[in-house]
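**Q** predicted model follows, preceded by the sequence.
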Amino acid sequence: MMQPASSWIDQFGRQKRKLRISVTDRCNFKCLYCMPEHPEWMDKHSLLSFEDLYAFCQFMVERGIDSLRITGGEPLMRQGVVHFIEQLQSLRALGLKRIAMTSNGHYLTKYADALKQAGLDDLNISLDSVDSQLFQQLTQRELAPVLAGIAAAQQAGLSIKINTVLMQGINDSQILPLVAWAKQQQLPLRFIEYMPLDGDAQWQRQQVVTEQQILQQLAPHYQIEALPQDQSPARIYRLDQTYDVGIISTISHAFCGQCDRIRLTAQGELYNCLFAPQGIALKSEIQALAAHSDVARDQLQQRIAEYIWYKKSGFHAIHAQAHSPRKISMHMLGG
């Protein structure tokens, strides 16, 4: 028997509490693990308005979502996103606990103070190398503006995490330098295994730097203690009893058993998993919801509840069943 729709529970008993919202697919970086060589951007006129997105967020928070993460592309490339975060503050009275953003850091010198004043709780910044030449190769952008953006975010008092995607033979040499840099900066660092989310579908399993390989690189230099895992997808390791490093190992040691996340694209497609074979198009219902349609509200309730209920157990179950996996591009889905 299906669980009550209002609790957003899937068939494995996992309740969805975190909603990731992509506000744009556009990005000024061209990271190897994300962006296709020749991206085809969404038509700006096809994107949900911030009014539509706010109505959807309110609808979801009223039904149990307590954490929102704004993603892209690069979310700071969409004009009005800071004001949108400010608007979301009113949802705290309905049960919203945290508002977060994921960014490449490039525009933070301009927006860090405004994001803090708007009420942003958490900021994840992608940083895949602290070597300027390698960073240029990985992103086709300069490192200096990102480091300046991180400094501006620290100065503004934002809560920051650094995310690093590792690729075998490309930036796996950055494990020790990144740990040393992040430790010196007193910033939390999370290594993320390379996932099949690159725009041109060139992912190969042998390119993954696994959790075990990361720990093997760290072991000669640090005393490592594994900490108990909480609801986070990252496993936390304490180095020399002083600094914690997280590892998100979707490929080698997947943590899907307690997944509480769902995702909405900028065009209104909902995905119950980062690797879901297909999403559901909700744009028309969301727009009608923003126009205060009770019919749209009922339709959304039914469609979302049913779609979430049939969420698969996790990455490996989806990967094993997929005869021809869909081409997933991180910059469109929001990570």
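**A** Structure received. All values derive from a computational prediction rather than experimental measurement. Numbering: from 1, shown residues only.
**Q** show me which strand runs longest in the protein.
**A** Assignment by DSSP state E gives strand 159-166 as the longest strand of the chain.
**Q** contact partners of the very next helix or strand once past that one?
**A** For strand 159-166, the following helix or strand on the C-terminal side (DSSP states H and E) is helix 175-185. With C-beta atoms under 8 Å, 6 or more residues apart in numbering as the test, helix 175-185 has contacts from 127, 129-131, 150, 154, 162, 164, 166, 188-189, 191, 209, 214, 217-218, 221-222, 239, 242-243, 245. All C-beta atoms are positioned from the backbone trio N, CA, C, and that covers glycine.
**Q** of these, keep whichever come out buried.
**A** 127, 129-131, 150, 154, 162, 164, 166, 188-189, 191, 209, 214, 217-218, 222, 239, 243, 245 (16 or more other C-beta atoms under 10 Å).
**Q** now, those residues that are in strands?
**A** In strands, defined here by DSSP E, the members of the buried ones among the contacts of helix 175-185 are I162, T164, L166, L189, F191, L239, Y243, V245.
**Q** let's have the residues you listed in CSV, adding pLDDT.
**A** Shown next, in CSV, are those (pLDDT from 0 to 100):
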residue, pLDDT
I162, 98
T164, 94
L166, 91
L189, 98
F191, 95
L239, 97
Y243, 97
V245, 97
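**Q** starting at the chain centroid, how far to stretch 304-312?
**A** Chain-centre distance of stretch 304-312: 20 Å, with C-alpha atoms, centre = their mean, to the nearest Å.
**Q** now do that stretch, average pLDDT.
**A** Averaging pLDDT along stretch 304-312 gives 92.
**Q** need the strands for this protein, in chain order.
**A** Assigned by DSSP E, the chain shows strands spanning 18-22, 67-71, 98-103, 122-126, 159-166, 189-193, 224-226, 235-239, 243-248, 261-264, 269-271, 280-281.
**Q** make JSON lines out of these and add distance to L300.
**A** As requested, these are exported to JSON lines (distance: least, C-beta to C-beta, whole Å):
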{"stretch": "strand 18-22", "distance to L300": "13"}
{"stretch": "strand 67-71", "distance to L300": "17"}
{"stretch": "strand 98-103", "distance to L300": "22"}
{"stretch": "strand 122-126", "distance to L300": "27"}
{"stretch": "strand 159-166", "distance to L300": "31"}
{"stretch": "strand 189-193", "distance to L300": "32"}
{"stretch": "strand 224-226", "distance to L300": "41"}
{"stretch": "strand 235-239", "distance to L300": "35"}
{"stretch": "strand 243-248", "distance to L300": "30"}
{"stretch": "strand 261-264", "distance to L300": "12"}
{"stretch": "strand 269-271", "distance to L300": "9"}
{"stretch": "strand 280-281", "distance to L300": "10"}
